[in-house]
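[1] Predicted coordinates and the sequence they were generated for:
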There are 2 protein chains.
Amino acid sequence: MTSSLHLSNVCLADGQRVCVALANGRIEAIGPHVPVQPGVPVVDGGAALLLPGFVEGHTHLDKSNWGRPWYRNEVGPLLTDRIGNEREWRKTSGHDAAAQSLALARAFVQAGTTRMRTHVDIDTDARLRYLEGVLATRHTLRDVLDMQIVAFPQSGMLIRPGTVELLDSALAAGADVLGALDPALIDGDPVASLNATFELAQRHRKPIDIHLHEPGEVGAFTLKLLLDRVQALGMQGQVVVSHAFCLGALPDRERDALIDRIAQLRVALLTSAPPSRPVPPLKLCREKGVTVFGGNDGIRDTWSPYGVPDMLERAMLIGLRYDLRRDDDIAIAFDCVSDAAARGCGFADYGLRVGARADLVVVEAQSVAHAVVARPKRKLIVANGRIVVRDGELTV
Amino acid sequence: MTSSLHLSNVCLADGQRVCVALANGRIEAIGPHVPVQPGVPVVDGGAALLLPGFVEGHTHLDKSNWGRPWYRNEVGPLLTDRIGNEREWRKTSGHDAAAQSLALARAFVQAGTTRMRTHVDIDTDARLRYLEGVLATRHTLRDVLDMQIVAFPQSGMLIRPGTVELLDSALAAGADVLGALDPALIDGDPVASLNATFELAQRHRKPIDIHLHEPGEVGAFTLKLLLDRVQALGMQGQVVVSHAFCLGALPDRERDALIDRIAQLRVALLTSAPPSRPVPPLKLCREKGVTVFGGNDGIRDTWSPYGVPDMLERAMLIGLRYDLRRDDDIAIAFDCVSDAAARGCGFADYGLRVGARADLVVVEAQSVAHAVVARPKRKLIVANGRIVVRDGELTV
């Protein structure tokens, strides 16, 4: 942990030139006239753009092949093809969840991510092995990366007996959030699957993050069942629906009614903004008060080779998916990987304000939109008060 | 023009280790056992991946703001908002088509593009001024970049009297291809607009590249009128339809019949693979024998700030848009910015084969798919037989 630092001569999104005083991992002062305290080291930001540390709202650190020899993808087209292929490959390839999650998490830090929610596969083959690997990575990087771990039944829950018990153990062992997956189309029994998920979450007093790939009307049906339970069990503000493709492919009236209810129950939505799938309507959701945030989903894994651990690139892809061209619109894309993601995941003390955790990214860009489309090298990154990157290179 | 060069120790897409002998701007030999000729300089490729020079199938060099102070986009949502805003801005901002096209074209070369089709605005305000700027850039870069120029009526043709005459002058002044734009929704008279376009193209014996943004049924109507004229006038193999959003939003039977006819008339399709618009079905078009190729469209201009002059990134975006995940599928995305684009634009002597123009890109990647998703720094680029980039930096 650093003690103190004075970052001078950086620009806020509105163009205002400011200084930032940091101490004990917190922002102590930020503004145009912050006096340098005696003995505090000064770093000149060179009039570059100051952004808050980025927030990765949904990734899968444990299954990445980042930095490893190329995985030749010859997988079939179905969700179940991908799930089965991956489970077998992880069992037989020597893939190491601890080493891989560390490699990818470090690359995230190097590109300015200081908070992250990662989903970790829990299944009856691997049991808690991948969780143990990611817990080790979280421990290693604890001073610079604030990591939430989701215990995620990637291979299904009810269809693989023993999985509920493993999720129970995972939550006891340090997972922060309970994951879930397609209660109808994977688990085959939406009511029983959702009941089991909510029962387990309530027992551990943990929030829920469900991967809902179910399309159109079946997704809407499952979503309604889920919202009923959020309401009945008083879990407002404690549930995230990831993907929610169904909200991109419903008749307007049905969609709008669902979104109104999502807002009312303070359920948040996560999107990776996939160009080949329907996606929740971003601006409409925001207008109705729903928190929508962004994430990469998997990066360089057996599902898909795409993705880089750079939230500016994810913001760019969100901007492209939603056709955000104006500067004020592209600021929404950046919000998805910063403030909205912190809010959606429940990361406290976030942002460029006094008292917040000192997580800062400095880039050579003339505006937030410029940073999003150009994704420039990170000139300086401060994580939890400590300089972790200079000129693109990790210093820790 | 270089005389000779021996590039050793590079890998083809299939993994085969080869050498390439270059002389007089051509590939003289390529294979595992190419003897080094006496006196010929040898460059060791370090077992990196060898790709053909990239082909940009559709961009707008003349309107880019690349490398200039940030343009704050506050433009309205309609196509006509964007057209009108841009024409005014270009008139009043001091934007210089010659300087900007040169800056962006150099950046394309630096990232491995050696052939390019660029559309240049021709309108009654600017007349041929932008064309003159791009002709100057073409001349400056003639040794390393093979550039086709499309005379493009960005502000409409029939709706702005005098435009047909300016297009006529542009074709006489060195434009290679006649452009056209939304004959129904912009020009307001699809039959008269298409007739004028085909008449002009035939008179100059030049091919046509039409920007068809018209959606769904109206786009299909215009497309049918266009195909009728290709057939009646014997212009098979001489027409490109850019964008063709309508083919992404028609009932299957109607779409398939149109695609069959497109194949029969050897009309090629260009897509930038926009994530927020319907797009032609890539694999289906290819199966039916239609050439589909890729391009960036505008880069960093008043229409949109997105885009970089890197065809590997465009291939990545094509892969994401069409959900191409397998290695053999991602090879299709790369084909869109290499072989298919050369075929679609009519660039001769293209590819990694004896007799082709010596346009080579060497990158540290373990496969073509890896190159597409990782977009690594260009280790070496040869354009027209000459080394133009080493370790990412222009040498000319």
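    Cool, the structure landed. Quantities reported herein were computed from a predicted structural model and do not represent experimental measurements. Residues are numbered from 1 along each chain as shown, chains lettered A, B, ... in the order given.
[2] what about the residue of the stretch 201-350 of chain A found nearest chain B, is that helix, strand or coil?
    Per Cβ to the nearest Cβ, A:P275 is where the stretch 201-350 of chain A lies closest to chain B, at 3.3 Å. (Glycine included, C-beta is placed from N, CA and C.) Following DSSP: H, G, I helix; E, B strand; the rest coil, the label given to A:P275 is coil.
[3] how close does the one residue sitting closest to the centre of chain A sit to B:D328?
    Residue closest to the mean C-alpha point of chain A, counted by Cα atoms, centre = their mean, is A:G57 at 1.2 Å. To B:D328, A:G57 is 32 Å away according to Cβ to Cβ, to the nearest Å.
[4] repeat for A:A196
    39 Å.
[5] quick one, which of those two is more surrounded?
    A:A196 (20 against 12; other Cβ atoms under 10 Å in any protein chain shown).
[6] Would you mind listing the buried residues in stretch A:175-189?
    Neighbour-count burial for stretch A:175-189, with 16 or more other Cβ atoms under 10 Å in any protein chain shown as criterion, is recorded at A:175-187.
[7] ditto for stretch A:61-76
    A:61-66, A:70-71, A:73, A:75.
[8] Out of those residues, flag the one nearest to chain B.
    Looking across these and measuring by Cβ to the nearest Cβ, the closest to chain B is A:W70, at 3.8 Å.
[9] Go ahead and confirm the closest one touches B:S367.
    Yes - the pair A:W70 and B:S367 passes the contact test of Cβ atoms under 8 Å, sitting 5.3 Å apart.
[10] ok, the lengthiest strand in chain A near chain B or not?
    Counting residues, the longest strand in chain A under DSSP state E turns out to be strand A:42-52. No - Strand A:42-52 stays out of contact with chain B when judged by Cβ under 8 Å from any Cβ of the partner chain, the minimum separation being 10.6 Å.
[11] Could you do stretch A:284-302 as well?
    Yes - counting by Cβ under 8 Å from any Cβ, chain B is contacted by stretch A:284-302 at A:R300.
[12] now that stretch, how far from the centre of its chain.
    8 Å (Cα atoms, centre = their mean, to the nearest Å).
[13] If we go by neighbour counts, what in the helix or strand bottoming out on mean pLDDT in chain A is buried?
    Among the helices and strands of chain A, helix A:79-92 carries the lowest confidence by mean pLDDT, DSSP states H and E, at a mean of 92. Using 16+ other Cβ under 10 Å as the test for burial, helix A:79-92 gives A:82-83, A:85-87, A:89-90.
[14] Which one of those residues is nearest to B:V36?
    A:W89 (42.6 Å; Cβ to Cβ).
[15] and the gap between the closest residue to that closest one other than its chain neighbours and A:E88?
    Of all residues not flanking A:W89 in the chain, A:T302 sits nearest, at 5.4 Å (Cβ to Cβ, 6 or more residues apart in numbering or on different chains). According to Cβ to Cβ, A:T302 and A:E88 sit 9 Å apart.
[16] picking that back up, check the burial of the residue of the stretch 201-350 of chain A closest to chain B by counting its neighbours.
    21.
[17] Give the phi and psi angles for it, as a check.
    Backbone geometry at A:P275, expressed as degrees, to the nearest 10, gives phi -70, psi -20.
[18] What's the separation between the residue nearest to it when sequence neighbours are not counted and A:C11?
    Spatial nearest neighbour of A:P275, excluding adjacent residues (Cβ to Cβ, 6+ apart): B:P275 at 3.3 Å. Distance of B:P275 to A:C11, computed by Cβ to Cβ: 30 Å.
[19] and if you look at A:S338?
    Taken as Cβ to Cβ, the span from A:S338 to A:C11 is 16 Å.
[20] what do you get for A:L102?
    Remark: distance between A:L102 and A:C11 (Cβ to Cβ) = 34 Å.
[21] before we move on, what about A:A196?
    50 Å.
[22] next one: A:P38
    According to Cβ to Cβ, A:P38 and A:C11 sit 26 Å apart.
[23] Contacts only, for A:A220.
    Shown in contact with A:A220 (Cβ atoms under 8 Å, 6 or more residues apart in numbering or on different chains): A:246-247, A:250, A:254, A:258.
[24] again, but for A:Q110
    By Cβ under 8 Å, 6+ apart, the contact set of A:Q110 is A:309, A:378, A:381, A:388-389, A:392-394.
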